[in-house]
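Asks: below is the sequence, then the predicted model.
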Amino acid sequence: MFFTIFYYTLAVIVYIISLPFLIYKSFNKKYKVAIPAKFFLKNNPPFDNNKIWFHCCSFGEVRAIKPIIDKFDNNSINLSVITNTGYAQAQEYMKNVRYLPFEIFLPFWIKKQKALVVVEAELWYMLFFVSKLKGTKTILINARISDATYHKYKRFSFLYKKIFDNIDKVYAQSEVDKNRLIALGAKEVVVIGNIKLATLPKITKTLPKPDGIVITAASTHESEEELILKSYNKNYGKLIIVPRHPERFDKVYELIGKYSKELDCTYSKYSNDSTFESDIILVDCMGELNNIYSISDVVILCGSFVTHLGGHNPIEPAYFGCKIISGENIFNQKALFEAISGYKLIKNNELKEILSNLDTLEKSKLENIGSIEPIISELLK
């Protein structure tokens with residue numbers, strides 16, 4: 001109890017010192033909802049009690065638990081987050097969404113729940129201590145401690161032992177993670193793999209694989225098609241372009257026509273010719289991307305060569321063993337990129353050089369394919 005009083009007092013001091021900064025930042029458009037909710041409880045009431053409460057940090061973790069929360073009635077689930085992107089994504093799934101308040105508010109904010117399920121590294125002491133104190137089953141899922149961060153955790157091993165004293169069960173991604181978690185004080189640890197890979201892509205039809213190398217530019221956005229066409233040469237292989245938004249199909253087709261003359265390439269629309277005989281093919285219909293990935297050798301994963309979009313899902317092309325090229329702007333997909341190996345992040349001006357040396361790239365693959373069934377079983381007890 002001495003530790004809890006000390007920790008809480010320290011958190012209060014930090015809060016008081018930070019107040020001027022928090023008030024100032026709350027006027028920033030980006031934080032005008034999040035900061036008042038987390039640090040002043042504005043429009044952020046407690047959850048109803050006796051539900052299953054999931055807590056995630058951000059966008060990637062919220063997406064990762066969707067297959068789990070889909071197993072339960074929406075009204076039986078609560079979901080809290082830390083970031084703006086996580087909050088926006090969570091609202092697409094359910095109505096009971098909150099920002100997690102700062103720790104000094106948790107003793108008064110938290111109500112007893114059937115279970116608290118925390119994703120990955122959200123190891124807040126008061127979150128687990130207060131939940132456990134109020135009779136809630138506490139579970140940490142998809143737990144992972146990387147090589148880069150393990151020494152930092154060990155430096156504060158005393159704190160993490162206190163945190164793990166209040167966690168009933170841990171589901172880890174690998175045996176290495178399990179051993180590290182136990183060394184930090186975790187008790188009941190079960191390895192179930194990476195839950196971000198629990199629901200794998202499926203194809204809806206089998207497409208004929210064209211001869212030679214197939215390069216797919218996936219989920220392209222404004223300006224990305226032009227970047228790709230400027231970097232492309234038909235000697236590299238066939239190029240399949242799949243725009244993200246259907247309203248851009250005609251515009252992209254005109255752009256392909258313009259560059260095809262310069263590149264001495266044939267081109268076609270997938271809706272008119274699904275044989276992939278042309279040098280450049282525009283996929284002008286929705287729902288075909290996984291089918292296209294299944295016949296692709298290389299995927300240029302777009303939404304990442306522009307600064308504001310944050311990339312697209314790499315799990316699908318990695319499942320099919322494609323060589324993945326992505327721009328550096330993947331801030332919305334970092335958690336998913338951590339679940340694969342063999343991808344290449346590049347600057348925009350490096351694309352032409354990379355495409356001319358495709359044989360130097362390695363195939364991507366999924367790491368630690370996981371199962372959500374043990375988690376579901378635990379929550380149904």
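Replies: Thanks, I have the structure now.

Asks: residue 117 against residue 139, yeah?
Replies: Yes. Residue 117 lies in contact with residue 139 (C-beta atoms under 8 Å); the separation is 4.9 Å. All C-beta atoms are positioned from the backbone trio N, CA, C, and that covers glycine.

Asks: let's test this: name the helix or strand in the chain with the lowest mean pLDDT.
Replies: helix 334-337 (a mean of 82; mean pLDDT, DSSP states H and E).

Asks: please enumerate the strands of the stretch 151-300 of the chain.
Replies: 169-172, 189-191, 214-220, 238-243, 267-269, 280-282, 298-301 (DSSP state E, counting those that start in this stretch).

Asks: how close does the residue nearest to the spatial centre of the chain sit to residue 196?
Replies: The chain has residue 60 as the residue nearest its centroid, 2.3 Å off, counting by C-alpha atoms, centre = their mean. Distance, residue 60 to residue 196, by C-beta to C-beta, to the nearest Å: 8 Å.

Asks: please apply the same query to residue 241.
Replies: Here residue 241 is placed at a distance of 28 Å from residue 196 (C-beta to C-beta).

Asks: also residue 157?
Replies: Where residue 196 is concerned, residue 157 sits at a distance of 27 Å (C-beta to C-beta).

Asks: next one: residue 49
Replies: Separation of residue 49 from residue 196 (C-beta to C-beta): 30 Å.

Asks: again, but for residue 183
Replies: Counting by C-beta to C-beta, the gap from residue 183 to residue 196 is 24 Å.

Asks: likewise residue 338?
Replies: Distance from residue 338 to residue 196, by C-beta to C-beta: 8 Å.

Asks: before we move on, what about residue 277?
Replies: Distance, residue 277 to residue 196, by C-beta to C-beta: 37 Å.

Asks: more crowded one of the two?
Replies: Neighbours were counted for residue 277 and for residue 196 using other C-beta atoms under 10 Å; residue 196 has more, 27 against 13.

Asks: confidence score at the more buried one?
Replies: The model reports residue 196 with a pLDDT of 85.

Asks: what do you get for residue 64?
Replies: Among the per-residue scores, residue 64 holds a pLDDT of 88.

Asks: check contacts around the residue nearest to it when sequence neighbours are not counted.
Replies: Computed as C-beta to C-beta, 6 or more residues apart in numbering, the closest residue to residue 64 that is not its neighbour in sequence is residue 196, at 4.4 Å. Taking C-beta atoms under 8 Å, 6 or more residues apart in numbering as the contact definition, residue 196 lies against 60, 63, 64, 142, 315, 335, 336, 339, 370.

Asks: picking that back up, the residue nearest to the centre of the chain contacts residue 330, correct?
Replies: No. Residue 60 lies out of contact with residue 330 (C-beta under 8 Å); the separation is 10.3 Å.

Asks: all helices of the stretch 101-250 of the chain, in order?
Replies: In the stretch 101-250 of the chain, the segments counted as helices under DSSP state H, counting those that start in this stretch are 106-109, 125-133, 147-155, 157-164, 175-183, 224-231, 249-263.
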